[in-house]
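Enquirer: how does the following fold in three dimensions:
(one chain, ligands or ions: 1)
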Amino acid sequence: MTQRTPLMAGNWKMNLDHHQATHTLQKLAWTLKDAKHDYATVEVAVIPPFTDLRSVQTLVDADKLQIAYGAQDLSAHESGAYTGEISPLFLTKLGVTYALVGHSERREYHAESDQLINAKVKSSLKAGLVPILCVGEDLDTRRAAAHVQHTLLQLEAALADVTAEQVRTLVIAYEPVWAIGTGETATPEDAQEMSEAIRGRVAELYDAETAQAVRVLYGGSVKSSNVASIMAKPDVDGALVGGASLDPEEFAKIVRFHSHEVGL
Ligand SMILES: O=C(CO)COP(=O)(O)O
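Expert: Numbering: from 1, shown residues only. Have a look, this model is predicted:
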């Protein structure tokens, strides 16, 4: 069986300007250094606003940090008359590793379609970025018990024309919309049910090896107090953390989920 390295990714959303980004990242790095964090055991990434990325790159390079960073979105195009868009090529130039694609807030507030999300998955892969593809259902869909079907349809649409080799590098984040920023967390069993279903669909669409390689994260009100029980589930490979990632000490505790009993 493939060993998947857990990934803890902090999505800062539209918070922290570039000065605050530097302070927050510095504090996160110090806290993890004090805890003697082994980045080979649990990978760490921050996903700041675009305007912070250059400052984040400068700090990561200067202090040789092992923390990866990502963008919250990207264009499906490489260049041209697309005012306000950010090319995947600009992101690779800035040392960016990950790109969120299809976050529920992009789907909701920017009417991003499955087709556009598929184009963005392909444009990130083409540029050498690792897409963190976000999928998940809203409350009505969950109440109607259609959450698995709904989420797998989003997954399938996003992966159209993506090869098995590419999917193996991909990160998929299951984020039930009703659990985002609400304090309402899906149970560890809910997270496991969907992660297993996602992996199962990847196996059907591709093969077992690809399904074992792809990392599936859970996102939605993850905190240091609930992360360990979610991470105990076999198909959950990490967390996409919103609010709690803005506090570097709290985020460091999330990263250190396996050492809660013995403290940081
Ligand atoms: O949307 C999320 C991460 O992308 C989750 O946000 P919260 O952790 O604030 O619920």
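Enquirer: ok, then the element right after the host helix or strand of residue 70?
Expert: Element membership of residue 70, judged by DSSP states H and E, is strand 68-71. Using DSSP H and E, the helix or strand that follows strand 68-71 towards the C-terminus is helix 88-93.
Enquirer: ramachandran coordinates for the closest residue to residue 102 other than its chain neighbours?
Expert: The shortest distance from residue 102 to any non-neighbouring residue, by C-beta to C-beta, 6 or more residues apart in numbering, is to residue 117 (3.9 Å). Just so you know, the C-beta spots here come from the backbone N, C-alpha and C atoms, and that holds for glycine as well. Note on residue 117: backbone dihedrals following degrees, to the nearest 10 are phi -60, psi -40.
Enquirer: neighbours around residue 117, how many?
Expert: Neighbour count for residue 117, taken as other C-beta atoms under 10 Å: 25.
Enquirer: and what of residue 212?
Expert: With other C-beta under 10 Å as criterion, residue 212 counts 15.
Enquirer: what is the mean pLDDT for the helix or strand that it is a member of?
Expert: Take DSSP H and E as the rule and residue 212 turns out to sit in helix 208-213. For helix 208-213, the mean per-residue pLDDT is 98.
Enquirer: so how far is it from its chain's centroid?
Expert: In terms of C-alpha atoms, centre = their mean, to the nearest Å, the centre of helix 208-213 is set 19 Å apart from its chain centre.
Enquirer: does anything pack onto it? Which helices or strands?
Expert: Secondary-structure packing of helix 208-213 (3 or more C-beta pairs under 8 Å, 6 or more residues apart in numbering; DSSP states H and E): helix 164-167, helix 188-205.
Enquirer: distance of the closest residue in space to residue 164 that isn't next to it in sequence from residue 196?
Expert: Distances taken as C-beta to C-beta, 6+ apart place residue 206 nearest to residue 164, at 4.2 Å, with adjacent residues excluded. Distance, residue 206 to residue 196, using C-beta to C-beta, to the nearest Å: 16 Å.
Enquirer: more neighbours, the two?
Expert: Neighbours were tallied for residue 206 and for residue 196 using other C-beta under 10 Å; the higher tally belongs to residue 206 (20 against 16).
Enquirer: flag every residue of the stretch 1-150 of the chain that's near the ligand.
Expert: 11, 103 (C-beta under 6 Å from any ligand atom).
Enquirer: nearest residue to residue 98 in space, please, no chain neighbours.
Expert: What sits nearest to residue 98 in space, not counting adjacent residues and going by C-beta to C-beta, 6+ apart, is residue 70, at 3.0 Å.
Enquirer: ok, residue 136 next?
Expert: If you skip the residues right next to it in sequence, residue 136 has residue 175 as its closest partner in space, 4.2 Å away by C-beta to C-beta, 6+ apart.
Enquirer: tell me the contacts of that neighbour?
Expert: By C-beta atoms under 8 Å, 6 or more residues apart in numbering, the contact set of residue 175 is 103, 104, 134, 135, 136, 218, 219, 220, 240.
Enquirer: so which of those residues are in helices?
Expert: Using DSSP state H, the subset of the contacts of residue 175 located in helices is residue 104.
Enquirer: include neighbour count and pLDDT when you put the contacts of residue 175 into CSV, please.
Expert: Output for the contacts of residue 175, formatted as CSV (neighbours: other C-beta atoms under 10 Å; pLDDT from 0 to 100):
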residue, neighbour count, pLDDT
103, 28, 98
104, 22, 97
134, 27, 98
135, 26, 98
136, 27, 98
218, 30, 97
219, 25, 97
220, 27, 96
240, 27, 98
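Enquirer: list just the nearest of the contacts of residue 175 to residue 183.
Expert: Within the contacts of residue 175, distances to residue 183 taken as C-beta to C-beta reach their minimum at residue 220, with 9.8 Å.
Enquirer: for the ligand, see how far away that closest one is.
Expert: Per C-beta to the nearest ligand atom, to the nearest Å, residue 220 is found 5 Å from the ligand.
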